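Chemist: Generate a structure from the sequence data that follows.
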Amino acid sequence: MLSQKLPEYTLEAYDPKTEASKKINLPKDIAGHFTLIFFYPADFTFVCPTELADLQNRKAEFEKLGLEVIVASTDTVFTHKAWVESEELLHGFGYLMAADHNGSFSRALGIYNEASGLAQRASFLVDPDGIVRAEYRVESNIGRSAGEILRLAKSLKFVRENPGAACPASWDEGAATLTPGLKIVGHVGEALKKAQHAKA
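Modeler: Numbers count the residues shown, from 1 in each chain. Just a heads-up that it's a prediction; the model follows:
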């Protein structure tokens, strides 16, 4: 899916803020915003609530960046509601919870596990034009970091707003960036030092 348009899809989603369900049309409803689509295997499991709580803890930072978040699994909206109400880690959870109950959206994204009937632990960062700009997956027993997702989103936003710029490893907001070109081939370290001095 990387560098491709997000598939057109309509999903039912549970909104914990209103305690009601609604339809979301992708990518139409997220046009104009950077969006994180955060798939996790299942409600009422072990690592999943820690990941969602981690996202919630970063909510103010995501909002400041203008990043919208939709979490998703192959559960129903009814299971989403029951889970949020029963799991202490999810009290106050404020993101839309999409229900890909038949796994068809997961299949379209290439992350459906036919053996288990569950989606993989996969993250997609989508730009305002509906193009997937970052995608990564981890094993089901390994939790992801909301802080790393935030860092990636900042990088994507920076390169979109600064055409021709490149973010080096572990780049975070305010750090030096690179302008790729023949002049710095074999001299990237020097170019970074020069860029860092210019920011100082």
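
Chemist: Quick one: the strands in the chain, in order.
Modeler: Assigned by DSSP state E, the chain shows strands spanning 9-15, 20-26, 34-39, 67-73, 96-99, 112-113, 118-119, 121-126, 132-138.

Chemist: Skipping its backbone neighbours, what lies nearest the residue most central in space within the chain in space?
Modeler: Compute the mean C-alpha point of the chain, and by CA atoms, centre = their mean the closest residue is residue 36, 2.9 Å away. Excluding its sequence neighbours, the residue lying closest to residue 36 (CB to CB, 6 or more residues apart in numbering) is residue 69, at 4.8 Å. Using the backbone N, CA and C atoms, a C-beta is placed for each residue, glycine as well.

Chemist: What is the neighbour count of the one you found?
Modeler: For residue 69, the neighbour count with other CB atoms under 10 Å is 21.

Chemist: That one and residue 11: what is the separation?
Modeler: 14 Å (CB to CB, to the nearest Å).

Chemist: could you give me the average pLDDT of the longest helix along the chain?
Modeler: In the chain, with assignment by DSSP state H, the single longest helix is helix 146-161. Per-region confidence: helix 146-161 scores 97 on mean pLDDT.

Chemist: Domain map for the protein?
Modeler: The chain breaks down into these domains under automatic domain parsing: 9-156, 162-200.

Chemist: weakest of those domains by average pLDDT?
Modeler: Among these, domain 162-200 carries the lowest mean pLDDT (a mean of 93).

Chemist: Distance to residue 2 for the strands of the chain - can I get that in CSV?
Modeler: Below are those laid out as CSV (distance: least, CB to CB, whole Å):
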stretch, distance to residue 2
strand 9-15, 18
strand 20-26, 17
strand 34-39, 13
strand 67-73, 18
strand 96-99, 21
strand 112-113, 18
strand 118-119, 18
strand 121-126, 9
strand 132-138, 5
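
Chemist: which one of those strands lies closest to residue 197?
Modeler: strand 132-138 (29.7 Å; CB to CB).

Chemist: Next up, the contacts around residue 40.
Modeler: Taking CB atoms under 8 Å, 6 or more residues apart in numbering as the criterion, residue 40 is in contact with 47-48, 51-52, 71-73, 119, 121.

Chemist: closest to residue 26 among these?
Modeler: residue 72 (10.1 Å).

Chemist: count of neighbours near the residue nearest to the closest one when sequence neighbours are not counted?
Modeler: Nearest residue to residue 72, sequence neighbours excluded (CB to CB, 6+ apart): residue 98, at 3.8 Å. A count of neighbours around residue 98, defined by other CB under 10 Å, yields 25.
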